[in-house]
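K.L.:
what's the 3D shape of this:
(one chain, ligands or ions: 2)
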Amino acid sequence: MIEEKKVTSEKTVLVGVITQHQDEAKSTEYLDELEFLVTTAGGNAVKRFVQKLEKPHPKTFIGTGKLEDVKAYIDSHDIGTVIFDDELSPAQLRNIEKILDTKILDRTTLILDIFAQRAETSYARTQVALAQCQYMLPRLTKLWSHLDKQKGGIGMRGPGETEIETDRRIVRDQIALLKKKLETIDKQMAVQRKNRGKMVRVALVGYTNVGKSTLMNVISKSEVFAEDKLFATLDTTVRKVVIKNIPFLMTDTVGFIRKLPTQLVESFKSTLDEVREADLLLHVVDISHPTFEDHINSVNVILEEIESANKPTLMVFNKIDSYKHDTIDDDDLVTEKTEKHFTLDELKNSWMSKIDDECVFISALNKDNMEDFKEKVFDMVREIHTKRFPYNNYLYSEYDQDGNKI
Ligand SMILES: Nc1nc2c(ncn2[C@@H]2O[C@H](COP(=O)(O)OP(=O)(O)OP(=O)(O)O)[C@@H](O)[C@H]2O)c(=O)[nH]1
Ligand SMILES: [Mg+2]
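P.N.:
Residues are numbered from 1 along each chain as shown. Ligands and ions are numbered 1, 2, ... in the order given. I've put the predicted structure just below:
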């Protein structure tokens with residue numbers, strides 16, 4: 001993750017559901033992730049409420065009886081924030097607010113809030129503000145503005161209280177204004193991207209916290225010459241990297257997450273354009289995470305959304321150093337070997353036969369298997385490069401490991 005900023009240590013309660021589509025294990029995993037998000041936002045999750053339902057209640061997400069339990073708990077423990085694991089509809093939000101009479105957040109507001117905290121450039125801040133306004137517009141209620149005045153903290157940072165307090169028309173005007181502002185910057189950025197020339201562009205993509213930035217640092221520092229270059233004041237970092245004799249541009253991008261708010265995907269269009277305009281994707285995966293396959297799927301869904309799913313891709317399975325597998329003992333009831341029981345080698349073989357994309361297994365932290373990684377990246381970049389520059393193959397002389405010209 002990006003560095004952690006402790007703003008407050010607001011006590012929160014988490015609420016999730018177990019449904020037909022989301023069994024107990026999934027629900028626990030989602031709530032673990034939600035808790036990680038809460039910590040990132042500077043809060044502290046002190047209790048979880050989970051209800052088994054056929055599907056989330058259309059009016060109150062969980063049953064009203066369960067909500068009363070939550071109410072009793074937050075009242076007796078002096079807790080001011082309740083966070084739901086799914087995006088709440090405007091009606092659900094209003095109904096829940098009526099019962100709990102406290103600050104209610106959902107996964108979307110939490111993610112938006114973290115983005116608001118992390119956004120450093122005016123561009124990123126504008127993108128987040130737009131996403132927040134769009135989310136907020138159908139959800140403006142009296143209670144919201146009333147609460148905003150009294151309570152700050154998670155979910156309340158961003159476009160500012162003044163807009164929230166005023167009516168929808170003003171938020172709409174604000175949205176129009178932010179859109180215009182973004183349009184202007186988008187144009188500038190498109191020009192900047194064009195000015196980068198025809199150099200092959202490689203983008204690191206992947207779920208949040210898988211090690212993209214770590215890999216970016218390893219690859220651009222360990223090379224013979226890797227220039228640190230920030231092309232613009234945006235949050236995506238672009239660097240020039242040279243492997244052997246081919247220079248190319250490498251972009252580190254925003255991490256993806258499950259249930260990424262659609263408003264955010266839209267307003268981060270330009271940031272995601274870095275991915276859209278890339279020639280090659282390095283899809284980084286954290287194989288030490290118990291549900292890394294779900295992560296891969298979530299990333300692929302977002303890549304589909306931004307029409308980038310068919311690009312040449314190298315699957316980079318990272319964190320092999322902390323990969324652990326389950327074992328089956330003689331007296332275990334479970335005797336069938338599943339993917340959880342795969343040794344690293346078995347896992348490698350299974351993935352290599354399962355997917356069409358090239359794949360490589362590394363530890364960016366320990367710099368394990370980096371040679372193989374570079375070799376594969378080099379081969380893929382070279383293919384694109386030679387197609388693009390049929391007459392001028394390489395721009396640099398070849399260097400050996402120690403940086404001497406060969
Ligand atoms: N054990 C282990 N940890 C790693 C490895 N690579 C990265 N990490 C750790 O994983 C965490 C996340 O790394 P980042 O590089 O920030 O991940 P990221 O994908 O850029 O994350 P976001 O920017 O949040 O999307 C850090 O604590 C790293 O030290 C690895 O190969 N092995
Ligand atoms: Mg990163």
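
K.L.:
Right, and ligand 1 sits closest to which residue of the protein?
P.N.:
Using Cβ to the nearest ligand atom, residue 255 is the residue of the chain that sits closest to ligand 1, at 2.1 Å. Glycine gets a C-beta too; all of them are placed from N, C-alpha and C.

K.L.:
these two touch, right, that residue and residue 275?
P.N.:
No - proximity of residue 255 to residue 275 does not meet the contact threshold set by Cβ atoms under 8 Å, at 12.0 Å.

K.L.:
Up against ligand 2, what does this protein have?
P.N.:
Within the chain, the positions lying close to ligand 2 (Cβ under 5 Å from the ion) are 212-213.

K.L.:
does residue 140 really touch residue 169, like I thought?
P.N.:
No - the pair residue 140 / residue 169 is not scored as a contact, 10.6 Å apart, by Cβ under 8 Å.

K.L.:
And those two? Which one has more around it.
P.N.:
Counted by other Cβ atoms under 10 Å, residue 140 and residue 169 do not tie: residue 140 has more neighbours, with 18 against 8.

K.L.:
nearest residue to the more buried one other than its sequence neighbours?
P.N.:
residue 168 (5.8 Å; Cβ to Cβ, 6 or more residues apart in numbering).

K.L.:
pLDDT score assigned to the one you found?
P.N.:
On the pLDDT scale, residue 168 is placed at 76.

K.L.:
now the strands: where do they sit in this protein?
P.N.:
Under the criterion DSSP state E, the chain contains strands at 10-18, 43-52, 81-84, 103-106, 201-206, 237-243, 246-252, 280-286, 313-318, 358-361.

K.L.:
I figured residue 84 was touching residue 106, is that so?
P.N.:
Yes - here residue 84 reaches residue 106: they are 4.5 Å apart, a contact under Cβ under 8 Å.

K.L.:
So which of residue 255 and residue 275 has more stuff around it?
P.N.:
Each of residue 255 and residue 275 has its neighbours counted (other Cβ under 10 Å); residue 275 has more, 23 against 19.

K.L.:
ok, the more buried one - contacts?
P.N.:
Shown in contact with residue 275 (Cβ atoms under 8 Å, 6 or more residues apart in numbering): 203, 205, 251, 253, 281, 303, 306, 308.

K.L.:
ok, and of the residues you listed, which contact ligand 1?
P.N.:
Filtering the contacts of residue 275 for proximity to ligand 1 by Cβ under 6 Å from any ligand atom leaves nothing.

K.L.:
Tell me which residue in this structure sits closest to ligand 2.
P.N.:
residue 213 (3.3 Å; Cβ to the ion).

K.L.:
from what I can see that residue touches residue 252, true?
P.N.:
Yes - counting by Cβ under 8 Å, residue 252 is a contact partner of residue 213 at 5.5 Å.

K.L.:
And these two? Which one has more around it.
P.N.:
Neighbour count, other Cβ under 10 Å: between residue 213 and residue 252, residue 252 has more, with 21 against 18.

K.L.:
Could you measure from that one over to residue 199?
P.N.:
With distances taken as Cβ to Cβ, to the nearest Å, residue 252 is found 16 Å from residue 199.

K.L.:
repeat for residue 23
P.N.:
47 Å.

K.L.:
For the two, indicate the residue with more neighbours.
P.N.:
residue 199 (17 against 12).

K.L.:
got the contact list for the nearest residue to the more buried one once chain neighbours are set aside?
P.N.:
Residue nearest to residue 199 in three dimensions, not counting chain neighbours: residue 249, with 5.3 Å by Cβ to Cβ, 6+ apart. By Cβ under 8 Å, 6+ apart, residue 249 lies in contact with 196, 199-202, 238-241.

K.L.:
Buried ones only from the residues you listed, please, as a ChimeraX command.
P.N.:
Per 16 or more other Cβ atoms under 10 Å, the buried members of the contacts of residue 249 correspond to this ChimeraX selection:
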select :199,200,201,202,238,239,240,241
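
K.L.:
wait, which of the contacts of residue 249 is closest to residue 99?
P.N.:
Nearest to residue 99 among these is residue 238, at 48.5 Å by Cβ to Cβ.

K.L.:
you'd agree the closest one is up against residue 253?
P.N.:
No - the criterion here is Cβ under 8 Å, and residue 238 misses it with residue 253 at 10.0 Å.

K.L.:
which neighbours do the two share?
P.N.:
Residues touching both residue 238 and residue 253 by Cβ under 8 Å, 6+ apart: residue 274.
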